[in-house]
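Engineer: Kindly generate the corresponding structure for this input.
(chains A and B)
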Protein chains: 2
Amino acid sequence: MSAQISAAQITWHEGSVTREERARLLKQTGCTIWFTGLSGSGKSTLAVAVEQVLIQRGHAAYVLDGDNVRFGLNAGPKILMETRGYSELSAKRFGLGFSAEDREENIRRIGEVARLFADAGLIALTSFISPYRKDRDAARAIHEKNKAGAIPFIEVYMSTPIEVCEQRDPKGLYKQARAALAAGKGMGFTGVDDPYEAPVMPELTIDTGKKSTHEAAAIVLNFLQQRGIIA
Amino acid sequence: MSAQISAAQITWHEGSVTREERARLLKQTGCTIWFTGLSGSGKSTLAVAVEQVLIQRGHAAYVLDGDNVRFGLNAGPKILMETRGYSELSAKRFGLGFSAEDREENIRRIGEVARLFADAGLIALTSFISPYRKDRDAARAIHEKNKAGAIPFIEVYMSTPIEVCEQRDPKGLYKQARAALAAGKGMGFTGVDDPYEAPVMPELTIDTGKKSTHEAAAIVLNFLQQRGIIA
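Structural biologist: Predicted coordinates:
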């Protein structure tokens, strides 16, 4: 047990902590690594691998993905009614489904949370299909045009061909989407009956049909070193 | 410049990083310190002071407050239209104003983001009036009933009497609220014409009419030590 901290031991300066101070003390530059690509392209596997290696090396890093966002911050109406006691009206208004505008708002909130993490000095890794260029560019913009100075935004395009993604189909989603399409009731599934707009100038492009997760993780980590984000 | 990282140097295990691993490597337990109290009660001053001392000691900590949330994640309709190109309909739906349901959704999102920060191993400090018990209890519940194990949630009640807060009135808000009320058009301002529901069992109660910021910061830091959140 450490000794009690007395008021006299406490010092601070006016104003809030700068990003530079955080970076110096945390020994890393806060940033967002934005993984984008088709379902099955290897986004989550790679994001989780990079997160683990970073944490093993003592870095603060965190993956934002459907698992920790879709049931909380960006929950749908049903969850908001059941777990938060929202009225049907409030739940419909604030809850997110899968319409075009709901998907846009989903990605907007994720971009804002990633920016907060990066501003806090963390390495935020986001793993979402994020198929539309406009939405990804907006996430980039709030990082690069940040009031307190630009925050690095690293777009990683998972270019794994759809044939490879569809063959993997870990959750059977492509199969489901193809069947729905054949039956005349499209699901709006990215790559099947909804477009994926590939990044024009991503910081990195990785095809996990050709690279192992180890190789892919090394590519991302070396990029972070080159950029001076980690030592 | 460090040497290149090769794929062979990369190792990881199945599944994602546990909270215990994060805590061990970051040398702190992720948690949320939730400051609640009237406008002028000293929430932000104290949150920023505690954040600074923590960062000076090498801890990862971050204050969520109106400044970094109300213009981004929880922006109002106007900002969503002007900076994100949202349609009027989308902006009205997702943008947050100051109605009862909008305030509830504001605090809900902040609680969810704080939970993500704490899950990432950070010490999240939130500085919002958050006047309703129900909303604060919901924020506590998503921490304590977290799927991957309870996350410490430390409610700090700033009990500074309203007379003291109103005398400080740094932004002239009480004056404005009293004038509005006298003119018969209430603003719904907490403590003037909207209730503040004091916490029933807060972890800490601090009256900055009686304690200096140094003393108050020492109280919070000693509590974190006692709880084993920091060494």
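Engineer: Hmm, residue A:41 and residue A:169 touching each other?
Structural biologist: No - in this structure, residue A:169 is not within contact of residue A:41 by CB atoms under 8 Å, at 11.6 Å. C-beta here means a position set from N, CA and C on the backbone, and glycine is covered the same way.
Engineer: How about the secondary structure of residue A:176?
Structural biologist: Classification of residue A:176 using DSSP: H, G, I helix; E, B strand; the rest coil returns helix.
Engineer: Contacts only, for it.
Structural biologist: Going by CB atoms under 8 Å, 6 or more residues apart in numbering or on different chains, residue A:176 touches A:187, A:189.
Engineer: starting at the chain centroid, how far to the helix ranked longest in chain A?
Structural biologist: In chain A, taking DSSP state H as the definition, the longest helix is helix A:100-119. Centroid separation for helix A:100-119 versus its chain: 8 Å, with CA atoms, centre = their mean, to the nearest Å.
Engineer: Likewise for stretch A:38-51?
Structural biologist: On CA atoms, centre = their mean, the centre of stretch A:38-51 falls 10 Å from that of its chain.
Engineer: tell me the mean pLDDT over that stretch?
Structural biologist: Per-residue pLDDT over stretch A:38-51 has a mean of 97.
Engineer: could you pull out the strands for chain A?
Structural biologist: A:31-36, A:61-65, A:123-127, A:153-158, A:204-206 (DSSP state E).
Engineer: Let's have the ones you listed in TSV, adding distance to chain B.
Structural biologist: As requested, the strands of chain A are exported to TSV (distance: least, CB to the nearest CB, whole Å):
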stretch	distance to chain B
strand A:31-36	13
strand A:61-65	4
strand A:123-127	9
strand A:153-158	15
strand A:204-206	13
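Engineer: just to revisit the earlier point, so is the longest helix of chain A next to chain B?
Structural biologist: Yes - using CB under 8 Å from any CB of the partner chain, helix A:100-119 reaches chain B at A:101, A:104-105, A:108-109, A:112-113, A:115-117, A:119.
Engineer: show me what contacts the residue nearest the centre of chain A?
Structural biologist: Centroid check for chain A by CA atoms, centre = their mean gives residue A:126 as the closest residue, at 1.2 Å. By CB under 8 Å, 6+ apart, residue A:126 lies in contact with A:32-35, A:47, A:63-65, A:110-111, A:114.
Engineer: got the angle for the longest helix of chain A vs strand A:153-158?
Structural biologist: Here helix A:100-119 runs at an angle of 130 degrees relative to strand A:153-158 (axes from the mean of the first three to the mean of the last three CA atoms, to 10 degrees).
Engineer: can you pull the buried residues of helix A:100-119?
Structural biologist: By neighbour count on 16 or more other CB atoms under 10 Å in any protein chain shown, the buried set for helix A:100-119 is A:102-119.
Engineer: Comparing residue A:169 and residue A:41, which shows the higher neighbour count?
Structural biologist: Neighbours of residue A:169 and residue A:41, each counted by other CB atoms under 10 Å in any protein chain shown, are more numerous for residue A:41; the result is 27 against 15.
Engineer: Quick check: the gap between that one and chain B.
Structural biologist: 19 Å (CB to the nearest CB, to the nearest Å).
Engineer: Do I have it right that that residue meets residue A:208?
Structural biologist: Yes - taking contacts as CB under 8 Å, residue A:41 lies within contact range of residue A:208: 6.5 Å.
Engineer: anything in stretch A:5-19 near chain B?
Structural biologist: Yes - using CB under 8 Å from any CB, stretch A:5-19 reaches chain B at A:5-13, A:16-17.
Engineer: outside of that stretch, which residues touch it?
Structural biologist: Here stretch A:5-19 has contacts from A:30, A:119, A:121, A:148-149, A:151, B:48-49, B:51-53, B:55-56, B:63, B:212, B:214-215, B:217-218, B:221-222, B:225, using CB under 8 Å, 6+ apart.
Engineer: are any of those buried, and which?
Structural biologist: Members of the contacts of stretch A:5-19 classed as buried by 16+ other CB under 10 Å are A:30, A:119, A:121, A:151, B:48-49, B:51-53, B:55, B:63, B:214, B:217-218, B:221-222, B:225.
Engineer: okay, the strands of chain A in TSV with distance to residue A:91 next?
Structural biologist: Below are the strands of chain A laid out as TSV (distance: least, CB to CB, whole Å):
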stretch	distance to residue A:91
strand A:31-36	29
strand A:61-65	23
strand A:123-127	25
strand A:153-158	32
strand A:204-206	38
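Engineer: what's the closest of those to residue B:197?
Structural biologist: strand A:61-65 (32.2 Å; CB to CB).
Engineer: Centre of the chain to the closest one, how far?
Structural biologist: On CA atoms, centre = their mean, the centre of strand A:61-65 falls 6 Å from that of its chain.
Engineer: and that strand, which strands flank it?
Structural biologist: strand A:123-127 (parallel) (DSSP bridges).
Engineer: which pair in the residues of stretch A:5-19 next to chain B spans the largest distance?
Structural biologist: Going by CB to CB, the pair spanning the residues of stretch A:5-19 next to chain B furthest: A:6 and A:16, at 23.8 Å.
Engineer: Those two - which one has more neighbours?
Structural biologist: Set residue A:6 next to residue A:16 and count neighbours by other CB under 10 Å: residue A:16 wins out with 19 against 12.
Engineer: Helices of chain A, start to end?
Structural biologist: Using DSSP H, helices in chain A cover A:19-26, A:43-56, A:66-69, A:77-84, A:88-94, A:100-119, A:133-144, A:162-168, A:173-182, A:213-226.
Engineer: and the shortest one, does that touch chain B?
Structural biologist: Yes - part of helix A:66-69 sits near chain B under the criterion CB under 8 Å from any CB, namely A:68-69.
Engineer: Please state the mean pLDDT value computed over that helix.
Structural biologist: Helix A:66-69 shows a mean pLDDT of 90.
Engineer: just checking, what packs against that helix?
Structural biologist: helix A:100-119, helix B:100-119 (3 or more CB pairs under 8 Å, 6 or more residues apart in numbering or on different chains; DSSP states H and E).
Engineer: so what's residue A:124 bridging to?
Structural biologist: Taking DSSP bridges as the rule, residue A:124 bridges to residue A:32, residue A:62.
Engineer: For stretch A:161-175, could you pull out the residues that count as buried?
Structural biologist: Buried residues in stretch A:161-175 (16+ other CB under 10 Å): A:162, A:164-166, A:168, A:173-174.
Engineer: Which pair of those residues spans the longest distance?
Structural biologist: A:164 and A:173 (14.6 Å).
Engineer: about what we covered before: could you give the angle of the longest helix of chain A to strand A:31-36?
Structural biologist: 150 degrees.
Engineer: between helix A:100-119 and helix A:133-144, how many degrees?
Structural biologist: Here helix A:100-119 runs at an angle of 20 degrees relative to helix A:133-144 (the same axes, to 10 degrees).
Engineer: Pass me the low-pLDDT residue ranges in chain A, would you?
Structural biologist: Scanning chain A for pLDDT under 70 picks out A:1-2, A:14.
Engineer: ok, now with 80
Structural biologist: Within chain A, the segments meeting pLDDT under 80 span A:1-3, A:10-16, A:147.
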